[in-house]
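**Q** The sequence and its predicted three-dimensional model are supplied below.
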Amino acid sequence: MKKGCAITLGLVALLVSGCALTPDYERPELNLPAGWERTTAEQDAIANTPWWDIYGDEVLRALIDQALDQNRDLALALARLQESRYLLSFTRADQFPFLDVFGSAGRGRESKRINPLAGTASNYGIGANLSFEIDLWRRYARATEAARAELLASEFGVRNVTISLVAEVADLYFRLQDMNARLEISRRTVEGRAERLGIIQARFDRGIEPEIDVNQAQVQLAVAEASVTQFQRLTAQTEHALRVVLGEFPGRVPLGPRINFGGVPLSVPAGLPSELLKRRPDVQEAEQLLVAETAEIGVAEALRFPSLSMTSQISVVATDLTDLNSMDSGQWSLAAGIFQPVFNSGRLKAQKKAQVARAKQAEEVYILTLLEAFREVEDAIVATETFRNEFAARTRQVKAAANALRLSQARYDAGVVDYLEVLDSERTFFDAELRHSQAHRSVLTSFVALYKALGGGWDERVLDDEIE
């Protein structure tokens, strides 16, 4: 007797726990390149630092805080995260019994044409239904696993949007500073060339200068004036783009002083670890979507096997309310049912194969995302090093061009050279100043790109907020 009970309990436990028809998820084999295996405290600090604080720009910090509070893309990502949380609860509920209660009350009479003895009668009832489908093949467990993975993917999606948002705010802010600086360079150049044109015009009026010098000076003034209008337009458009990212209508944006590189660590330790890439939210999001699609294979496979469900009902029915508590009014039922698909023209088999194909797609997306992450890190490291060297070269270029312009103007005023040398020096100096400003921005934005590539700098406050 005891042996029979033990066997029965074992069978019940087996039925409740179910049998998985597909293997558990295993991460695809990744042959990481050499030199990405070692982790140091310094390297971890690179990804964990809230990098926007390094610049010491209070205006930039305030704009980032505002974007984290008001950006619409981030709000959309948080709404999707909320949806995934509810969908997980919705899917997980299928693993547990369902209990429904019901009640009824009525009063009526049959037609006396049908039943001459019919009279008016009342009927009352109250009861409960209990139903449960035993998860024989872990169909519902796999569905819950998929929903949980999709929830994690949504969470990593929020982190990815946060990283991209902070980087976009910083990039637009540095672009705005650059456009503003180039606008000031152009205005200063207009003033200088207008003054030079006035001198040449006066000399022409006295018959000292040829008319071609006046025309050439006018051309160079017009070039500088065109640059002013160009950078006015680009400044306004950059402000409008930044305001939208901040969750506001287009308008003006405050600017702090031009950032220098004094406190910015522009060198990066060699051999950054692969762990930093595996923690990138876009990589983790892609992997969790792969986990979800893999679990869905188990769901599709389980549909081809028998399902076992159990239902029970207990109720009391009487013609008078006072009789509802009578034992004689009670009724109950207990039933078990089994369902096995037999012929459906290959529909379930095709469904399973389609899900396998979807899982394969998700695997390829994951690997491609990882490869792209490696490329972005390598590109960002090269950019931070080369842009810094380029900026140093542009700084030397500006100094040399300024001195050349000064000497050319002195030689022209002394009558040693014609105006063509001054024109060439002016063009060179103006172009050098504009390129120097652009190189300054490139250094800052390459540092932003490095932190984004490393998956660092996302703000925990976003996920710590309570989601109703």
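**A** Everything's here; your move.

**Q** What residues sit buried inside stretch 123-137?
**A** If you call a residue buried by 16 or more other Cβ atoms under 10 Å, then stretch 123-137 has these buried ones: Y124, G125, I126, G127, F132, E133, I134, D135, L136, W137. The C-beta positions use only the backbone N, C-alpha and C, and glycine is treated the same way.

**Q** Give the pairing partners of the host helix or strand of the third one; include direction for each.
**A** For I126, the element it lies in under DSSP states H and E is strand 121-134. Pairing partners of strand 121-134, with direction, according to DSSP bridges: strand 98-108 (antiparallel), strand 307-318 (antiparallel).

**Q** Check the gap between L405 and D424 for me.
**A** According to Cβ to Cβ, to the nearest Å, L405 and D424 sit 9 Å apart.

**Q** do L434 as well
**A** Computed with Cβ to Cβ, the distance linking L434 and D424 is 16 Å.

**Q** These two: which is more packed in?
**A** With other Cβ atoms under 10 Å as the criterion, L434 and D424 differ in neighbour count, and L434 comes out ahead with 20 against 13.

**Q** hang on, the earlier thing: avg pLDDT for the strand holding I126?
**A** Confidence over strand 121-134, taken as the mean pLDDT, stands at 90.

**Q** Which secondary structure elements does the helix or strand just after it sit against?
**A** Per DSSP H and E, strand 121-134 leads on to helix 139-205 as the next helix or strand towards the C-terminus. Helices and strands touching helix 139-205, by 3 or more Cβ pairs under 8 Å, 6 or more residues apart in numbering; DSSP states H and E, are helix 58-70, helix 72-92, helix 211-245, helix 281-302, helix 419-453, helix 460-464.

**Q** Now the shortest one: average pLDDT?
**A** Across helix 460-464, pLDDT averages out at 47.

**Q** With adjacent residues omitted, what lies nearest to the residue most central in space within the chain?
**A** With distances taken as Cα atoms, centre = their mean, V161 lies nearest the centre of the chain, 2.7 Å away. Taking Cβ to Cβ, 6 or more residues apart in numbering as the measure, V161 lies nearest to A77, with 4.4 Å between them; neighbours along the chain are not counted.

**Q** In this structure the one you found contacts G157, no?
**A** Yes. Under the contact definition of Cβ atoms under 8 Å, A77 touches G157, with a separation of 5.5 Å.

**Q** What is the most widely separated pair among the buried residues of stretch 123-137?
**A** Set against one another by Cβ to Cβ, the buried residues of stretch 123-137 have their most distant pair in Y124 and W137, with a gap of 42.3 Å.

**Q** Next up, the contacts around L308.
**A** For L308, the residues meeting the contact criterion (Cβ atoms under 8 Å, 6 or more residues apart in numbering) are L15, E133, I134, L136, A336, G337, I338.

**Q** The third one pairs with what?
**A** Beta-bridge partners recorded for I134 (DSSP bridges): L308.

**Q** Next one: the nearest residue to R27 once chain neighbours are set aside from S164, what distance?
**A** Of all residues not flanking R27 in the chain, E287 sits nearest, at 7.1 Å (Cβ to Cβ, 6+ apart). When Cβ to Cβ is applied, the distance between E287 and S164 equals 18 Å.

**Q** who has more neighbours, these two?
**A** Neighbour totals were compared for E287 and S164, and E287 leads with 25 against 16 (other Cβ under 10 Å).

**Q** my read: that one touches Y366, true?
**A** Yes. In this structure, E287 is within contact of Y366 by Cβ under 8 Å, at 5.3 Å.
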